[in-house]
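[1] Take a look and give me a structure for this.
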Amino acid sequence: MLNPSLAVNRRAFLTQSGLGLGGIALAQLLQQDAAAEIDRGVLGEPHFPPKAKRIIYLFMSGAPSQLDLLDYKPELNRLHGQQLPDSVRGGQRLTGMSGNQSSIPLVGSPFKFSQHGQGGAWFSELLPRTASIADDLCVVRSMYTEAINHGPGVTFLQTGTQIAGRPSMGAWLSYGLGQENANLPSFVVLITKDKGGQPLGAHLWGSGFLPTRHQGVLLRAAQDPVLYLGNPGGVDSKSRRQMLDRLRELHEHQFSATPDIEIRNRIEHYEMAFAMQASIPEATNLADEPRHVLDAYGPDVSQPGTFAANCLLARRLAERGVRFIQLYHQDWDHHGGLPTALPKLCQETDQPAAALVQDLKRCGLLDDTLVVWGGEFGRTNYCQGKIQANFGRDHHPRCFSLWMAGGGVKPGYVYGETDELGYNIALNGLHIHDLHATLLHLLGIDHERLTYKFQGRRYRLTDVHGKVVQDLLS
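    Have a look, this model is predicted:
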């Protein structure tokens, strides 16, 4: 009978038997890979000289109405109240919220538009501060997606697929390019506090099948921005350091017997948390900002967790070497009440977003920092339900708008067009996969070469799609 004390599991058997030397070699390779990823990422260096070093993504969760903000359609106003022509709809599916309507009336925007900047781009009166920086912006009016509901739509924009579980954009960049600052994570997430709308899940900033250290670090609007970062009562920094040193020894011992990359990741998580005990309080303390800078972001900047405060914090994190900074601002899902709700959302976001671009420019960071603003899809050119004063618009994946600034994109430029009713793309459609390919390109990454092998196949952010849109590049 087999002595239980001699029993080994499958992994130990493979490591200690004929594959023992292979296990030793694997352990050494994993050690080298882990060290390389912490410093420079799996790529070591970008594939080619980058135009941007980092991204600040201002994500307007819920899908802002492009027809009321960035895509001016006077013909839609002229035909207000008339039925959406079958020739325009082309048999395309509608959501279950408006697909059964007996009437699909076109509804124009109640907001005025005017041209701004040397290029004469059109902006809604709801975005006066954004319009004032028109010459710094690259506006895309021809985005499109397959997702028609929020969950898949947001997931698609963040991870390159509608199915949850894949690595997010920030995780891919962390994996590929690593950290610029050893005392701060390469990927940070900020969510505006006290907002409603569609919920946001951690899978949107998760690492998926990539090593877990590449997932986004969520900073809360609280005295302790990162949970469990501080030392417990009675434990000083010296004691914490001694505890981590002994814990590292235990993990190293475990790794020598079981070469699992996640053991290395666990060590790095502890070390990063220790480094962040000093770096996070310093980075999140806005008290040292000059009064004129605070004023530029608007009155909400003094309240932690507001979009204004998060925009200023994003600039501080960018100048300290954080590679991907993801801001979420919810509640843009206006199936009803759009004329009253949309101005409030714009009041919360317009000034801070424009101030962020101007602030980066003032600090000399805009040239190598790419700022992106937009949601997961667009809104319909027809009314959901009956036309009324406080109407709403349904989801519309066929076309929507976003804007970018800095980081190697053309300033003062408008890319793409929709038809005269704002229902279909008329020129230069830009798919989400194309957007991702272009963002990676700006950071010096060939999107087809940043891959990770998982369950027998190689994955990438753009899946098997995507092309770099050269017309967007400066």
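
[2] just so I have it, where are all the helices in the protein?
    Under the criterion DSSP state H, the chain contains helices at 10-16, 20-39, 74-78, 86-89, 128-132, 150-159, 169-177, 237-257, 261-284, 291-297, 307-319, 338-362, 432-442.

[3] most neighbours per residue, which of these?
    With neighbours taken as mean count of other Cβ atoms under 10 Å, the helices of the chain reach their highest mean count in helix 169-177, at a mean of 27. Where you see a C-beta, it was placed from the backbone N, CA and C, and this is true even at glycine.

[4] pLDDT of that helix, averaged?
    For helix 169-177, mean pLDDT is 97.

[5] Mind jotting down where the strands sit in the stretch 51-200 of the chain?
    Applying DSSP state E, counting those that start in this stretch to the stretch 51-200 of the chain gives strands spanning 54-60, 113-116, 121-124, 137-144, 187-191.

[6] how close does Ile148 get to Asp394?
    To Asp394, Ile148 is 9 Å away according to Cβ to Cβ, to the nearest Å.

[7] Please identify which of the two sits among more neighbours.
    Neighbour count, other Cβ atoms under 10 Å: between Ile148 and Asp394, Asp394 has more, with 23 against 19.

[8] Least reliable of the helices of the chain by average pLDDT, please.
    helix 20-39 (a mean of 43).

[9] if we can go back for a sec, can you lay out the helices of the chain as JSON lines showing distance to Ala426?
    Output for the helices of the chain, formatted as JSON lines (distance: least, Cβ to Cβ, whole Å):
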{"stretch": "helix 10-16", "distance to Ala426": "57"}
{"stretch": "helix 20-39", "distance to Ala426": "44"}
{"stretch": "helix 74-78", "distance to Ala426": "12"}
{"stretch": "helix 86-89", "distance to Ala426": "11"}
{"stretch": "helix 128-132", "distance to Ala426": "23"}
{"stretch": "helix 150-159", "distance to Ala426": "22"}
{"stretch": "helix 169-177", "distance to Ala426": "28"}
{"stretch": "helix 237-257", "distance to Ala426": "57"}
{"stretch": "helix 261-284", "distance to Ala426": "44"}
{"stretch": "helix 291-297", "distance to Ala426": "37"}
{"stretch": "helix 307-319", "distance to Ala426": "33"}
{"stretch": "helix 338-362", "distance to Ala426": "24"}
{"stretch": "helix 432-442", "distance to Ala426": "17"}
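
[10] wait, Phe48 sits on Leu440?
    No. Using Cβ atoms under 8 Å as the test, Phe48 is too far from Leu440 to be in contact (11.2 Å).

[11] got any residues that touch both of the two?
    Common contact partners of Phe48 and Leu440 (Cβ atoms under 8 Å, 6 or more residues apart in numbering): Asp446.

[12] Now do the contacts for the closest residue to Ala437 other than its chain neighbours.
    Here the nearest residue to Ala437 in space, its sequence neighbours aside, is Gly466; by Cβ to Cβ, 6 or more residues apart in numbering that works out to 3.6 Å. Contact partners of Gly466, counting by Cβ under 8 Å, 6+ apart, are His431, His433, Asp434, His436, Ala437, His447.

[13] Next one: Gly466 from Leu370, what distance?
    Gly466 sits 17 Å away from Leu370, going by Cβ to Cβ.

[14] and what of Asp224?
    30 Å.

[15] re the thing from before, export the strands of the stretch 51-200 of the chain as CSV, with columns for distance to Thr130.
    Below are the strands of the stretch 51-200 of the chain laid out as CSV (distance: least, Cβ to Cβ, whole Å):
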stretch, distance to Thr130
strand 54-60, 11
strand 113-116, 9
strand 121-124, 6
strand 137-144, 7
strand 187-191, 19
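
[16] what about Asp224 and Leu370, which has more around it?
    More neighbours surround Leu370 than the other of Asp224 and Leu370, with 26 against 11 (other Cβ under 10 Å).

[17] right, and the more buried one touches Pro50 too?
    No. With contact defined as Cβ under 8 Å, Leu370 does not reach Pro50; the gap is 10.0 Å.

[18] where do the contact lists of these two overlap?
    Residues within reach of Leu370 and of Pro50 at once, by Cβ under 8 Å, 6+ apart, are Gly408, Leu442, Leu443.

[19] Can you tell me how far the residue nearest to the first one when sequence neighbours are not counted is from Leu473?
    Spelled out, that is Gly408. Nearest residue to Gly408 in three dimensions, chain neighbours excluded: Lys51, at 2.7 Å (Cβ to Cβ, 6+ apart). Using Cβ to Cβ, one gets 7 Å for the distance from Lys51 to Leu473.

[20] Tell me the residues that contact both of these two, please.
    Gly408, Leu442.

[21] When those two are compared, which one has more neighbours?
    Applying other Cβ under 10 Å to Lys51 and Leu473 shows that Lys51 carries more neighbours, namely 18 against 14.

[22] what's near enough to touch that one?
    Asp368, Gly407, Gly408, Leu442, Leu443, Gly444, Leu473, Ser474.

[23] So what sits opposite the residue lying closest to the second one once chain neighbours are set aside in the bridge?
    Of all residues beyond its chain neighbours, the one nearest Gly407 is Leu370 (2.7 Å), with distances taken as Cβ to Cβ, 6+ apart. Leu370 has the following beta-bridge partners by DSSP bridges: Ile55.

[24] In contact with Leu370, which residues?
    52, 54-56, 404-409, 439, 442-443.

[25] So the residue nearest to Gly408 versus His433, what's the distance?
    Lys51 is 20 Å from His433, by Cβ to Cβ.

[26] Which of the contacts of Leu370 sits closest to Leu250?
    Arg54 (35.3 Å; Cβ to Cβ).

[27] how far away is that closest one from Tyr459?
    23 Å.

[28] The two: which is more packed in?
    Neighbours were counted for Arg54 and for Tyr459 using other Cβ under 10 Å; Arg54 has more, 26 against 21.

[29] what's stretch 147-161 in contact with?
    With contacts defined as Cβ under 8 Å, 6+ apart, stretch 147-161 is touched by 59, 61-63, 93, 95, 145-146, 162-164, 166-169, 198, 200, 203-205, 208, 333, 376-377, 395, 397, 432-433, 436, 460-463.

[30] Buried subset of the residues you listed as a ChimeraX selection?
    Listed next is the ChimeraX selection for buried residues among the contacts of stretch 147-161, using 16 or more other Cβ atoms under 10 Å:
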select :59,61,62,63,95,145,162,164,166,167,168,169,198,200,203,204,205,208,333,376,377,395,397,432,433,436,460,461,462
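
[31] Just the C-alpha atoms of stretch 58-77, please, in PDB.
    Taking Å, rounded to 0.1, in the frame of the first residue of the first chain, the C-alpha atoms of stretch 58-77 are listed here in PDB:
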ATOM      1  CA  LEU A  58     -12.900  59.900 -19.800                       C
ATOM      2  CA  PHE A  59     -15.700  57.400 -20.100                       C
ATOM      3  CA  MET A  60     -19.200  58.700 -20.200                       C
ATOM      4  CA  SER A  61     -21.100  55.600 -19.100                       C
ATOM      5  CA  GLY A  62     -24.600  55.300 -20.400                       C
ATOM      6  CA  ALA A  63     -24.000  56.700 -23.900                       C
ATOM      7  CA  PRO A  64     -24.300  60.500 -24.300                       C
ATOM      8  CA  SER A  65     -26.400  61.700 -27.200                       C
ATOM      9  CA  GLN A  66     -24.100  62.700 -30.100                       C
ATOM     10  CA  LEU A  67     -27.000  64.400 -31.800                       C
ATOM     11  CA  ASP A  68     -27.400  66.900 -29.000                       C
ATOM     12  CA  LEU A  69     -23.600  67.400 -28.300                       C
ATOM     13  CA  LEU A  70     -21.200  66.800 -31.200                       C
ATOM     14  CA  ASP A  71     -23.100  65.800 -34.400                       C
ATOM     15  CA  TYR A  72     -25.200  68.800 -35.700                       C
ATOM     16  CA  LYS A  73     -28.100  67.700 -37.900                       C
ATOM     17  CA  PRO A  74     -30.200  70.700 -39.100                       C
ATOM     18  CA  GLU A  75     -32.200  68.400 -41.400                       C
ATOM     19  CA  LEU A  76     -33.300  66.300 -38.400                       C
ATOM     20  CA  ASN A  77     -34.700  69.500 -36.900                       C
END
